[in-house]
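In: Any chance you could fold what I've pasted below:
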Amino acid sequence: RFTHLSKSNMRFSSSVAILFIALAAENVNSFTAFTRGVSRTVSKNGASSLKMGILSTDTGKSAMDPNVISKYDSLPLPSGKVMAEYVWVDAKGELRSKTRTLPVSKTGDAASLPKWNFDGSSTDQAPGDDSEVILQPQSIFKDPFRPVAEGADANILVMCDTYTPGGEPLPSNTRATANEAFVGKEDLEPWFGLEQEFTLFNMDQVTPLGWPENGFPVRPQGPYYCSVGPENSFGRHITDSLYRACLYAGIEISGTNGEVMPGQQEYQVGPCVGIEAGDQLMMSRYILQRVCEDFQVFCTLHPKPIKDGDWNGAGMHTNFSTKPMRDAGGLEVIKKAIYKLGAKHIEHITNYGEGNELRLTGKFETADMNTFCYGVANRGASIRIGRDTEAEGCGYFEDRRPSSNADPYVVTGMIMATTHEDVDVPVIAPMDKDEA
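Out: Purely as a prediction, here's the structure:
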């Protein structure tokens with residue numbers, strides 16, 4: 001109920017829609033009424049104040065005082081117990097999580113962790129009349145958002161995949177399918193290095209960091225890549241925070257850099273072996289979103305977030321090698337693998353991320369998505385072989401086709417499966433180095 005409201009408190013122009021939000025407790029001293037462009041705080045004694053401005057997306061954000069948060073963070077946990085954040089991928093490829101308390105004795109490795117469940121009808125992964133989905137723990141990481149004193153038992157993040165109560169992988173469980181490509185091939189020691197690009201926006205989800213509102217930067221892309229200076233680098237504090245959080249967690253993060261488009265950043269994960277690459281990249285994405293949550297910055301993995309103008313898209317370039325590729329004479333093994341990838345180009349492109357057709361146009365360091373090609377040091381090719389690999393006759397190659405929102409389980413599993421098929425495929429001539 002509203003208390004002590006006089007007519008003078010409620011005089012607003014008839015041309016403006018009025019929305020009152022009030023708390024109905026006796027001890028509440030004020031509430032805020034919002035109109036388009038105006039917010040008015042009304043108190044019990046009849047006093048009011050006006051703030052001009054737009055009712056922005058900031059409304060409802062938890063802008064907590066760090067001193068308040070630290071009061072709770074400093075509370076000691078009971079001996080022998082930790083908080084475990086179970087993380088999984090939903091039907092749309094987004095990450096979800098929830099927390100449970102576990103005895104330390106059950107957190108030694110993923111196999112020791114108990115299974116859990118969730119309401120799959122709320123994540124588009126099960127019908128409402130049979131909604132239970134089982135979470136199977138697969139990998140453990142230290143939780144950088146709930147740090148503990150040195151020597152204390154660490155709280156953990158748990159990467160899980162999803163199953164029916166009968167033990168069948170859900171259709172959205174791409175990890176289970178990818179793992180089949182690695183089982184029995186452990187002696188090949190498949191290494192992956194994943195380059196995750198992402199774009200940071202203000203909370204309006206329209207304006208990238210460093211861009212003017214409703215406009216474009218006055219300078220074209222060029223000075224922003226690996227840049228320094230407040231006029232060039234936007235979001236470094238977020239990337240640095242992500243870097244430290246991943247190192248603490250145990251993610252094999254190997255570097256970061258500012259990207260070509262202002263507001264775009266990149267980090268690299270790897271080398272990781274086999275299915276571990278998907279687990280680590282997925283968990284790093286979770287950590288990225290949690291860091292952006294803390295900074296109240298919107299992060300998108302869309303491969304072409306700015307469609308107008310001459311701006312780079314965002315990818316998840318995937319570096320790959322096996323032991324035979326890294327051994328002497330491995331360059332010939334690499335080329336044969338590339339020929340097999342070329343023979344299944346359309347199948348890979350179809351599974352390499354949504355919206356990729358907006359990015360793979362043959363411009364902005366990409367190959368046209370309808371054409372497969374490879375070359376040495378050529379960032380305009382589908383597959384790039386590094387100069388060092390060519391010079392040494394062994395090493396790795398880079399698949400530049402996956403988009404920034406591609407599923408790392410799908411990408412790594414497909415590359416492993418395709419390159420190790422026992423098939424004869426046509427030889428593909430390399431793209432002329434003059435085009436590199």
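In: List the neighbouring strands of the helix or strand hosting R96 plus their orientation.
Out: For R96, the element it lies in under DSSP states H and E is strand 95-103. Applying DSSP bridges, strand 95-103 is found paired with strand 81-89 (antiparallel).
In: okay, and for this structure, where does confidence drop off?
Out: Applying pLDDT under 70 to the chain picks out residues 1-64, 432-436.
In: and after the longest helix that it contains, which helix or strand comes next?
Out: With secondary structure taken from DSSP state H, the chain has its longest helix at helix 276-295. Going down the chain from helix 276-295, the next helix or strand is strand 298-300, by DSSP H and E.
In: quick one: strands adjacent to that following strand?
Out: Counting by DSSP bridges, strand 298-300 is paired with strand 191-201 (antiparallel).
In: coming back round to it: show me how far the longest helix of the chain is from its chain's centre.
Out: 5 Å (C-alpha atoms, centre = their mean, to the nearest Å).
In: buried residues in it?
Out: Of all the residues in helix 276-295, those buried under the rule 16 or more other C-beta atoms under 10 Å are 276-292. Backbone N, C-alpha and C define where each C-beta goes, glycine included.
In: swap in stretch 391-403?
Out: For stretch 391-403, by 16+ other C-beta under 10 Å, it's C394, G395, Y396, F397, E398, D399, R400, R401, P402, S403.
In: Return the distance of the strand holding R96 from the chain's centre.
Out: The answer for strand 95-103 is 19 Å, by C-alpha atoms, centre = their mean.
In: ok, for A178, nearest residue in space, not its chain neighbours?
Out: G413 (2.8 Å; C-beta to C-beta, 6 or more residues apart in numbering).
In: For the helix or strand hosting L341, list the C-alpha coordinates in CSV.
Out: Element membership of L341 [criterion: DSSP H and E] is helix 330-343. This file holds the C-alpha atoms of helix 330-343, laid out as CSV (Å, rounded to 0.1, in the frame of the first residue of the first chain):
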residue,chain,number,x,y,z
GLY,A,330,55.6,-34.3,-40.2
LEU,A,331,54.8,-31.7,-42.8
GLU,A,332,53.7,-34.5,-45.2
VAL,A,333,51.4,-35.8,-42.5
ILE,A,334,50.0,-32.3,-42.1
LYS,A,335,49.3,-31.9,-45.8
LYS,A,336,47.5,-35.2,-46.0
ALA,A,337,45.3,-34.1,-43.1
ILE,A,338,44.6,-30.8,-44.9
TYR,A,339,43.5,-32.6,-48.0
LYS,A,340,41.0,-34.7,-46.0
LEU,A,341,39.7,-31.5,-44.4
GLY,A,342,39.2,-30.0,-47.8
ALA,A,343,37.2,-33.0,-49.0
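In: Who are the packing partners of the helix or strand just after it?
Out: Heading C-terminal from helix 330-343, the first helix or strand you meet, by DSSP H and E, is helix 345-350. Counting contacts by 3 or more C-beta pairs under 8 Å, 6 or more residues apart in numbering; DSSP states H and E, helix 345-350 packs against helix 408-419.
In: Tell me the helices and strands packed up against the helix it packs on.
Out: Packing partners of helix 408-419 (3+ C-beta pairs under 8 Å, 6+ apart): helix 174-182, strand 191-201, helix 276-295, strand 316-321, helix 330-343, helix 345-350.
In: And the contacts of that helix?
Out: Residues outside helix 408-419 that contact it (C-beta atoms under 8 Å, 6 or more residues apart in numbering) are 174-175, 177-182, 185, 190, 192, 194, 274-275, 277-278, 281-282, 316, 318, 320, 322, 337, 340-341, 344, 347-348, 351-352, 399, 402.
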